[in-house]
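Chemist: Below: sequence and its predicted model.
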Amino acid sequence: MCLICGWIYDEVAGAPDHGIAAGTLWADVPMNWTCPECGARKEDFEMVQI
């Protein structure tokens, strides 16, 4: 989950509109990837249980 805006990355869905294929594990998302909602860096995300 993005700590800035609350957007949640779902590994099953990925973020295909933002260059991350469905099924991509969070660990495999590039470090230079940014939140599609607010532009926050990957390091500004925190794991949450849903």
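Modeler: Structure received.
Chemist: Confirm for me that Trp7 is in contact with Thr34.
Modeler: No: Trp7 is beyond contact range of Thr34, at 10.7 Å (criterion: C-beta atoms under 8 Å). To be clear about C-beta, it is placed using only N, CA and C from the backbone, and glycine gets the same treatment.
Chemist: nearest spatial neighbour of Ala13, skipping sequence neighbours?
Modeler: Ala22 (5.7 Å; C-beta to C-beta, 6 or more residues apart in numbering).
Chemist: Could you confirm the one you found falls within a strand?
Modeler: No: secondary structure of Ala22 (DSSP: H, G, I helix; E, B strand; the rest coil): coil, not part of a strand.
Chemist: tell me the contacts of it?
Modeler: With contact set as C-beta atoms under 8 Å, 6 or more residues apart in numbering, Ala22 has these partners: 12-14, 16.
Chemist: Can you add distance to Lys42 and give those residues back as JSON lines?
Modeler: Shown next, in JSON lines, are the contacts of Ala22 (distance: C-beta to C-beta, whole Å):
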{"residue": "Val12", "distance to Lys42": "18"}
{"residue": "Ala13", "distance to Lys42": "17"}
{"residue": "Gly14", "distance to Lys42": "14"}
{"residue": "Pro16", "distance to Lys42": "17"}
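Chemist: May I see the ChimeraX selection of the buried members of these?
Modeler: A single ChimeraX command is used to select the members of those judged buried by 16 or more other C-beta atoms under 10 Å:
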select :14
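Chemist: Take the contacts of Ala22 and lay them out in TSV including secondary structure, pLDDT and distance to Gly39.
Modeler: Formatted as TSV, the contacts of Ala22 follow (DSSP: H, G, I helix; E, B strand; the rest coil; pLDDT from 0 to 100; distance: C-beta to C-beta, whole Å):
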residue	secondary structure	pLDDT	distance to Gly39
Val12	coil	96	24
Ala13	coil	97	20
Gly14	coil	97	18
Pro16	helix	97	18
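Chemist: Cool, thanks, talk later.
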